[in-house]
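1. any chance you could fold what I've pasted below:
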Amino acid sequence: MKLSKAFKLLIGVSAIAVGTVAFAQDTDIERASLVVHDKNPFPSTYQPWPSQMTAITNAHILTGDGGEIESGTVLMDGGKIVAVGTGVSIPAGANVIDGTGKWVTPGIIDMHSHMGIWTDGGNDVRAANTAGMWGEHSVWPQTPNFPAALAAGVTTQMQLPGSANQFGGRSVTLKMVPGRTTEDLKFPGAPYGIKMACGENPRRVHQAQGRPSTAMGVFYGYRSSWIDATEYKNSWDKYYADYEAGEDPKAPKRDLKNETLMGVLNGEVLIEQHCYRADEMVNVINMSKEFDYKVTAFHHVVEAYKIADILAENDICAGMWADWWGFKLESFDGIDENIPMMAAAGGCAVVHSDSDNGGQRLNQEAAKAWADGKRVGLDFTHGEVFQWLTLNAAKAIGLDDVVGSLTAGKNADVVIWNGDPLSVYALAENVFIDGAMHYDRDNQDNQWITDNALGYVTAGDHQ
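-> Numbering: from 1, shown residues only. Model (predicted):
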């Protein structure tokens, strides 16, 4: 069912509220207002901090897209990267930071974090399909974990619900900046994702409730949900087509669960799939082709090395730990060379955390994976390894066009390190987000402290 281009633009705008759209018509029939649901009812209120033109000179630069520049300059202005290289002209009036002996990289991106969500609990197990839940409603912006991640060079995180359900709910992407509300941290324009989980977790959690207890039961639940979502999408497509044709149709009943899955089918919501085993990942890929949607990334894929070529051919990113495996049956076939083998196959290899602790040491995790690859003859450059934390991670969350590399025009999310960031001794000295310095290791006045970290009032404090 085809809609006109103008009509598609009308219903595709994410900031249109329900029932407020007037539509020109060549008929005397009085019709109800067109119903269009707001696709982003909780918009970002993030405001970049004031910044000044800044040039970091004489630094060893890892560009984030695999490149490496010795004794180079990074110039940023207006919150964006302006130029990177060895012959960059520095305009008069720019703030110049001497980077001699320092290394400069893009901000690290963690594609799989629960730092903000888990303070309230990341799993709501009322049903196997909770796609209608929005993870941002469990984010606690005062968690002290956010400043800790920032101090470790992390500038962007995707926050995800847990893996107890087949469909866990929507993800939300955050900037590591102070804010009173979740919306203050929310990355403007970042696409939503839907957390899906196959494997042992949803089976273990739901089998006592009479819900899926086998792999075939989980995939039955998936496919049934996609059938329902397809029918829901078709009903809305028909409603809009009938309205455009001059009829006065009744809008379908709104369903938050199917609304999220319809977003996937429309190419607006990303699939972020928790999956360990190679065979189950292939099952997910086949299912995505059955229902005509795209899997953006698999998470926790300890068996990526078995199907690295398939993941690469299907342009699916693989989020992995460096060496955490063997902690449950489906993770027993993991190997330490997983990440380098995925990268060697030409795939989108990503180092992720899934942990408040690991989220503060992602550079060290990448270094461990690099060393594991070297031991079996898979070597990479510094620049190629750091891409596992930057551009590849940005691709996994749908933001590689705006962050993830030191490319002119992209957001100026930049980290100055005291040395090689793939060294265990490396420390982030300065962290810029949109060109503004949000962390300075040598200046406590420029370090983010949440209300929670300040302590609490005890009895007698006000007496």
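2. what's the average pLDDT for the helix or strand containing Val218?
-> For Val218, the element it lies in under DSSP states H and E is helix 215-244. Helix 215-244 shows an average pLDDT of 96 in the prediction.
3. now stretch 195-204
-> Mean predicted confidence for stretch 195-204 is 81.
4. strands of the stretch 51-200 of the chain, start to end?
-> Ranges of strands in the stretch 51-200 of the chain, per DSSP state E, counting those that start in this stretch, are 54-62, 68-77, 80-85, 95-98, 103-106, 108-113, 154-159, 167-170, 172-175, 193-197.
5. does Lys294 touch Ile271 like I think?
-> Yes - using Cβ atoms under 8 Å, Lys294 is in contact with Ile271, at 6.7 Å. C-beta: built from backbone N, CA, C; applies to glycine.
6. what's the angle from the helix holding Val218 to strand 193-197?
-> Orientation check (axes from the mean of the first three to the mean of the last three Cα atoms, to 10 degrees): helix 215-244 against strand 193-197 gives 150 degrees.
7. what's the neighbour count on the residue nearest to Ala343 when sequence neighbours are not counted?
-> Excluding the flanking residues, the one nearest Ala343 by Cβ to Cβ, 6 or more residues apart in numbering is Ala349, at 4.1 Å. Around Ala349 there are 32 other residues, counting by other Cβ atoms under 10 Å.
8. could you measure from Ala349 over to Ile61?
-> 21 Å (Cβ to Cβ, to the nearest Å).
9. any buried residues in the helix holding Val218, and which?
-> 215, 217-219, 221-222, 225-226, 229-230, 232-233, 235-237, 239-241, 243-244 (16 or more other Cβ atoms under 10 Å).
10. same check on stretch 60-79?
-> Neighbour-count burial for stretch 60-79 flags 60-67, 69, 72-77, 79 (criterion: 16+ other Cβ under 10 Å).
11. where are the low-confidence patches of the stretch 1-150 of the chain?
-> Along the stretch 1-150 of the chain, the model assigns pLDDT under 70 to residues 1-29, 121, 125.
12. what segments of the stretch 301-450 of the chain are strands?
-> Using DSSP E, counting those that start in this stretch, the strands found in the stretch 301-450 of the chain span residues 317-320, 349-351, 414-417, 428-433, 436-440.
13. which one of the ones you listed has the most crowded surroundings?
-> The highest average neighbour count among the strands of the stretch 301-450 of the chain, using mean count of other Cβ atoms under 10 Å, belongs to strand 349-351 at a mean of 31.
14. give me the sheet partners of that one and which way each runs.
-> According to DSSP bridges, strand 349-351 forms sheet pairs with strand 317-320 (parallel).
15. could you give the separation of the strand it pairs with from the chain centroid?
-> 12 Å (Cα atoms, centre = their mean, to the nearest Å).
16. keeping just the C-alphas, turn it into CSV.
-> Extracted as CSV, the C-alpha positions of strand 317-320 are listed here (Å, rounded to 0.1, in the frame of the first residue of the first chain):
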residue,chain,number,x,y,z
CYS,A,317,28.3,-5.7,14.7
ALA,A,318,29.4,-8.0,17.4
GLY,A,319,29.8,-6.7,21.0
MET,A,320,32.2,-8.9,22.9
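17. no further queries at this time; thank you.
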